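# With the input below, show me the fold.
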Amino acid sequence: MSEDAGQYDDRVDTDAVISSASALGLMLRAVRLLTQVKGLFAAKALLALAAIFPPLTVPWFTKIIVDQVILDQPFNATEVRFPPFMLPFLDFVDGMAPMGIMLSVIAAYAGLLLLFGTRGEKTTLWLAGGQDAATQSEMKLSGGNSQSGGVFGALETVVHIRLSQRLANLLRTRLFTRMTKLPMTTLDDHRTGDAVYRVMYDSPEVPEICLNLTLTPVLTVLGAVLTVYIAQYSYGAVAPELVWVTAALVPMILLVTLPFSKLARHLGQASRASGAATTNAMEENLHNISAVQSLGATEKESAKFEHKSAESFRRHLFVILLGYLLLGIGILSFLVGGVYLAIYVLEKVALGEMSVGDWPALYAIFVLLTVSASTLGAVWINLQGNVAAIRRIFFFIDLPIESFEAGQPLPRLAREVALQDVDVVYPDGRQALHHINVTFSANELVAIVGPTGAGKTSLAYLLPKFLQPERGKVLFDGIDLAGVDVASLRAQVTYVFQEHTLLSKSIRDNFLLVKPDASDADIAVACAAAGAEEFIASLPDGIDTVLGRSGDTLSVGQQQRLSIARGLIRDTPVLILDEPTAALDPQTENALVQSLVNAAQDRLVLVIAHRLSTIRKADRIVFLDEGRIIEIGNHEQLMQNIGGAYAKFVTIQLGDTQLP
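Next up, the predicted model:
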């Protein structure tokens, strides 16, 4: 931002503690995004729901193989009951020899295998990636998974990929659009690298979060409830205590993992904050590579980047270690439960209350419940690590934006722009302008002059509504800008910034950006007025020459002339130029100033300037100091006040041989 702009510091503190209630609120807000992909979400839900039931048959097919095929026992040898969904199969194989039963089991299982894959099989499609959030996020956009295999698993995976991409794209687009509508004071305070990280790497986390808050817990709980019901139905009369001990696995693992929620949130926030800092450091150094090299800071900046990158890896290592810790707790719980199950069932088999086949059946039920419990615990912990991504996204979405829709359309400026008793206060409390009262005619060239930090840019920012007054009014032909449509206002104001903002496209594309219907003649006139015609003609491809990053393949003076020409071709009733001649040679400057004088015949031209050769040609000069208007008049009038602020300003310039 320019010299006197505010430093609005409202960036999110990614290391701040997020309470459990706040985390849950952010997650539920993310879930509401699923309403934008209802069809895909419904398809994913139905396919995932269908995958719950086939694994429930595995324990009973295993029991049949052991008891009826291998041991050749009848189906009613013990009090253990088969669940109702197995009765049609039992009726079908009733009276068959062991080999016939085995073939029937193989046929039934082959059908389930074709449709749903094997128990524990997951269909997963993704790209290889590292452990860092950036590559993982991109991987999530191009990957998907299903809790089953086979045909249903493949279909669910394809739907998952499409759902993730659609949702992430909607969110990325929404986030980018919000960023383009943020007020100038907010944008200038947020670093580009951090914004890129939010759009590119935080957004892809949201689809997984939405699914893990909806389908995963619902289907996991449903599967656990069905498994416990089946265990109670079949073994409740034989081993009721075993049923309830097995069912206690779910709440037990949740109780063990929930205390780690706060730690997981903190580690996730720290990891993302560090990753964003690394991305920002890279962006800033690449953007200012010329300064880094010319000031001999290459080694220093490389060391700083190395430190930030190492810190990013170090913080993410803690996230990985927490995952291994929780995995170890889950394995330990599984081993303890498995040993208890083995001892208990073997005793029942020895007493004749259970058959040998009940051991693999109960073990399969135990595995189903253990997986369900581990899934629920892991989902909640993983969500804690990702809540930082949601917070960073919604932080930007919730920032106040400029309204481009509300308000009345603004008629084309015909007479004047007036500032009446205007005060400007930046969000940090600094007052940039005090009681500004001035009127600009629609056909004059006005120079805004003053020392650094005087409020020149703040005053100019009021006209396109980059800033809004704390008090007072800005009027276009008597219409208060507070009630007008921003888009219709900015259609009438062209602001050429001191920093050159050229696109890395061709010169022609840069002109067509502001005036899509510009003809070659229009472009030629604007280039001639800005003194850019000659150097454009000398380029290899002329006006179709592709510029480098931000126009860096051109000299600073050439960039400035192109920026000015682009502003002139827009042909708006108000043209504002911030230090337009700072990088121009005297001959080019004189030609440009004369062009601005000519342009002011049918528009208001405001020039923020320090160079006397530019200022003296203005119809009026507004001299600012410490946010107040000190003097107004043309060069000759103000120079008559020998002790005045402007006269002293000119005297200093004339005494400096480096200035014209």
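# buried set for stretch 225-234?
For stretch 225-234, a neighbour-count test (16 or more other CB atoms under 10 Å) marks 226-228, 230-231, 234 as buried. Quick note: C-beta positions are derived from backbone N, CA and C, even for glycine.
# so which of these comes closest to residue 531?
residue 226 (78.8 Å; CB to CB).
# neighbours of the residue nearest to that closest one when sequence neighbours are not counted, just the number please.
Distances taken as CB to CB, 6 or more residues apart in numbering put residue 56 closest to residue 226, at 6.3 Å, once the chain neighbours are dropped. Neighbour count for residue 56, taken as other CB atoms under 10 Å: 20.
# Kindly report the same for residue 72.
Using other CB under 10 Å, residue 72 has 10 neighbouring residues.
# And the one 10 residues further on, by the same measure?
Residue 82 is surrounded by 18 other residues when neighbours are defined as other CB under 10 Å.
# can you list the domains in this structure?
Domain assignment of the chain by automatic domain parsing yields the ranges 20-398, 404-492+577-660, 498-571.
# Columns mean pLDDT on top of those domains, output as JSON lines?
Below are these laid out as JSON lines (pLDDT from 0 to 100):
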{"stretch": "domain 20-398", "mean pLDDT": "77"}
{"stretch": "domain 404-492+577-660", "mean pLDDT": "86"}
{"stretch": "domain 498-571", "mean pLDDT": "83"}
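# Among the buried residues of stretch 225-234, which one sits closest to residue 330?
Nearest to residue 330, judged by CB to CB, of the buried residues of stretch 225-234 is residue 227 at 17.4 Å.
# Skip the chain neighbours and tell me the closest residue to the closest one.
In this structure, residue 227 finds its nearest non-sequential neighbour in residue 368, 4.8 Å apart by CB to CB, 6+ apart.
# Contact partners for the one you found?
55-56, 59, 223-224, 227 (CB atoms under 8 Å, 6 or more residues apart in numbering).
# Swap in 10 Å and give it another go.
Residue 368 makes contact with 55-56, 58-59, 119-120, 223-224, 226-228, 230-231, 246, 249 under the criterion CB atoms under 10 Å, 6 or more residues apart in numbering.
# Show me these that map onto helices.
Among the contacts of residue 368, the subset assigned to helices under DSSP state H consists of 58-59, 223-224, 226-228, 230-231, 246, 249.
# Which of those residues sits closest to residue 206?
residue 223 (25.0 Å).
# hmm, back to that, need the ones in helices among the contacts of residue 368 in JSON lines (columns: distance to residue 414).
Shown next, in JSON lines, are the ones in helices among the contacts of residue 368 (distance: CB to CB, whole Å):
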{"residue": "58", "distance to residue 414": "82"}
{"residue": "59", "distance to residue 414": "85"}
{"residue": "223", "distance to residue 414": "72"}
{"residue": "224", "distance to residue 414": "73"}
{"residue": "226", "distance to residue 414": "76"}
{"residue": "227", "distance to residue 414": "78"}
{"residue": "228", "distance to residue 414": "79"}
{"residue": "230", "distance to residue 414": "82"}
{"residue": "231", "distance to residue 414": "84"}
{"residue": "246", "distance to residue 414": "83"}
{"residue": "249", "distance to residue 414": "79"}
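# SS state for the residue lying farthest from the centre of the chain?
For the chain, the residue at maximal distance from the C-alpha centroid (CA atoms, centre = their mean) is residue 95, at 64.0 Å. Secondary structure state of residue 95, per DSSP: H, G, I helix; E, B strand; the rest coil, is coil.
# What's the separation between it and residue 494?
Here the distance between residue 95 and residue 494 works out to 91 Å (CB to CB, to the nearest Å).
# Likewise for residue 29?
Noted for residue 29: a distance of 39 Å to residue 494, by CB to CB.
# higher neighbour count, those two?
residue 494 (22 against 13).
# Over to that one: give its phi and psi.
Phi and psi for residue 494, reported as degrees, to the nearest 10, are phi -110, psi 130.
# do residue 632 as well
Here is the backbone geometry of residue 632 (degrees, to the nearest 10): phi -140, psi 140.
# Residue 159 against residue 40, yeah?
Yes. Under the criterion of CB atoms under 10 Å, residue 159 makes contact with residue 40 at 6.0 Å.
# still on that earlier bit, could you redo the buried residues of stretch 225-234 as JSON lines and give each row distance to residue 319?
As requested, the buried residues of stretch 225-234 are exported to JSON lines (distance: CB to CB, whole Å):
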{"residue": "226", "distance to residue 319": "33"}
{"residue": "227", "distance to residue 319": "31"}
{"residue": "228", "distance to residue 319": "33"}
{"residue": "230", "distance to residue 319": "37"}
{"residue": "231", "distance to residue 319": "36"}
{"residue": "234", "distance to residue 319": "41"}
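# Looking at the residues you listed, which is nearest residue 73?
Nearest to residue 73 among the buried residues of stretch 225-234: residue 234, at 16.1 Å, using CB to CB.
# Spit out the contact partners of the closest one.
Counting by CB under 10 Å, 6+ apart, residue 234 has contacts 59-60, 63, 79-83, 86, 243, 358, 361-362, 365.
# could you point out which element follows the host helix or strand of residue 389?
Using DSSP states H and E, residue 389 sits within helix 358-398. Going down the chain from helix 358-398, the next helix or strand is strand 416-425, by DSSP H and E.
# Run through the neighbouring helices and strands of that next one.
In this structure, strand 416-425 makes packing contacts with strand 431-441, helix 456-462, strand 471-476, strand 604-608, judged by 3 or more CB pairs under 10 Å, 6 or more residues apart in numbering; DSSP states H and E.
# So for it, what gets flagged as buried?
For strand 416-425, a neighbour-count test (16+ other CB under 10 Å) marks 416-420, 422, 424-425 as buried.
# Those: which two are farthest apart?
Using CB to CB, those reach their maximum pairwise distance at 416 and 425, which is 25.4 Å.
# my guess is residue 646 meets residue 636, correct?
No. Judged on CB under 10 Å, residue 646 makes no contact with residue 636 at a distance of 11.0 Å.
# count of residues packed around residue 601?
Residues near residue 601, counting by other CB under 10 Å: 10.
# Over to residue 411?
Neighbours around residue 411, by other CB under 10 Å: 12.
# Checking residue 622 next. Helix, strand or coil?
strand.
# Now do it: how many residues are near it, please.
Around residue 622 there are 22 other residues, counting by other CB under 10 Å.
# how about it, what does it touch?
Residue 622 makes contacts with 436, 438, 440, 446-450, 456, 459, 606, 629-633, 646, as judged by CB under 10 Å, 6+ apart.
# Assumed residue 575 was part of a helix.
No. Applying three-state DSSP, one finds residue 575 to be strand, outside a helix.
# mind checking how far it is from residue 221?
Distance, residue 575 to residue 221, by CB to CB: 64 Å.
# between these two, which one's more packed in?
Between residue 575 and residue 221, residue 575 has the larger neighbour count (other CB under 10 Å), namely 24 against 14.
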